[in-house]
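Participant: Just need the structure, nothing else, for what follows:
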Amino acid sequence: MSRIGKNPIEIPDKVQVTFEAPTVTVKGPKGSLSARIVPEMSLQISDKQIRVERPNDARRNRALHGVTRSIVQNMVTGVTTGFQKDLEIQGVGYRANLEGKTLVMNLGFSHPVSYPVPEDVSVSVKDQRVISVSGIDKQRVGQVAAEIRAFKKPEPYKGTGIRYVGEHIMRKEGKSGAK
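Facilitator: From the prediction side, this is the model:
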């Protein structure tokens, strides 16, 4: 039995979960999410709990058991509290501004970098150095944060670029040209 898959998912108040195979829909105070799950998996929904059931102990079903449970848990968490990823910009003259629905960043290139913010994710900028990406879908929040980070990844010599808050970058020693 999967250690993750066997755990029940608690349904908070103000959250509605419906399952019409193979689609599960979760509605809550922050919005609504739906996802298609693997047809072999089934959900048992009681008044305050969701259990993910698998048909047998085949290798594929064991692998998908915990993944399915995690997807449904992330949907429930997303519609109640949401998800957030913070990025920080380091470097002299590096900064970001939000102009309408476009994130404009100066990252040491000869031109500013523009990133149109998707509709299902919200982006805010604090102090021109910290970019906060938030939304109800964990996968979309992580994807948007990764796309923003990809414009200027942290480089190992000076440490400049865009990094996640709390991310540790292994620094390299520069040339030791003197003899």
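
Participant: Helix, strand, or coil at the residue at minimal distance from the centre of the chain?
Facilitator: When Cα atoms, centre = their mean is applied to the chain, the residue found nearest the centroid is Gly142 (2.9 Å). On the three-state scheme (DSSP: H, G, I helix; E, B strand; the rest coil), Gly142 is labelled helix.

Participant: Paired strands for the longest strand belonging to the chain, with orientation please.
Facilitator: Secondary structure assigned by DSSP state E gives strand 83-90 as the longest strand of the chain. Applying DSSP bridges, strand 83-90 is found paired with strand 130-135 (antiparallel), strand 161-164 (antiparallel).

Participant: could the ones you listed be laid out in a markdown table, adding mean neighbour count, distance to Pro12 and mean pLDDT?
Facilitator: The way it works is simple: take the backbone N, C-alpha and C, and place the C-beta from them, glycine included. Rendered in a markdown table, the data for the strands paired with strand 83-90 read as follows (neighbours: other Cβ atoms under 10 Å; distance: least, Cβ to Cβ, whole Å; pLDDT from 0 to 100):
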| stretch | mean neighbour count | distance to Pro12 | mean pLDDT |
| --- | --- | --- | --- |
| strand 130-135 | 20 | 18 | 96 |
| strand 161-164 | 19 | 28 | 95 |
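
Participant: where are the low-confidence patches of this structure?
Facilitator: Along the chain, segments meeting pLDDT under 70 span 1-2, 177-179.

Participant: can I see the domain layout of it?
Facilitator: By the record's domain assignment, the chain is partitioned as 9-80, 83-164 (automatic domain parsing).

Participant: What segments of this protein are helices?
Facilitator: Secondary structure of the chain, counting by DSSP state H: helices at 59-80, 138-149.

Participant: Just the residues contacting the first one, thanks.
Facilitator: To tie it back to what came earlier, the one meant is helix 59-80. Applying Cβ atoms under 8 Å, 6 or more residues apart in numbering, the contact partners of helix 59-80 are 2-5, 7, 9-12, 14-15, 17, 24, 26-33, 35, 37-38, 40-41, 43, 50, 52, 54-55, 83, 135-139.

Participant: same thing with stretch 90-108?
Facilitator: For stretch 90-108, using Cβ under 8 Å, 6+ apart, the contacting residues are 89, 112-117, 123-125, 128-129, 131, 148, 151-152, 154, 158-163.
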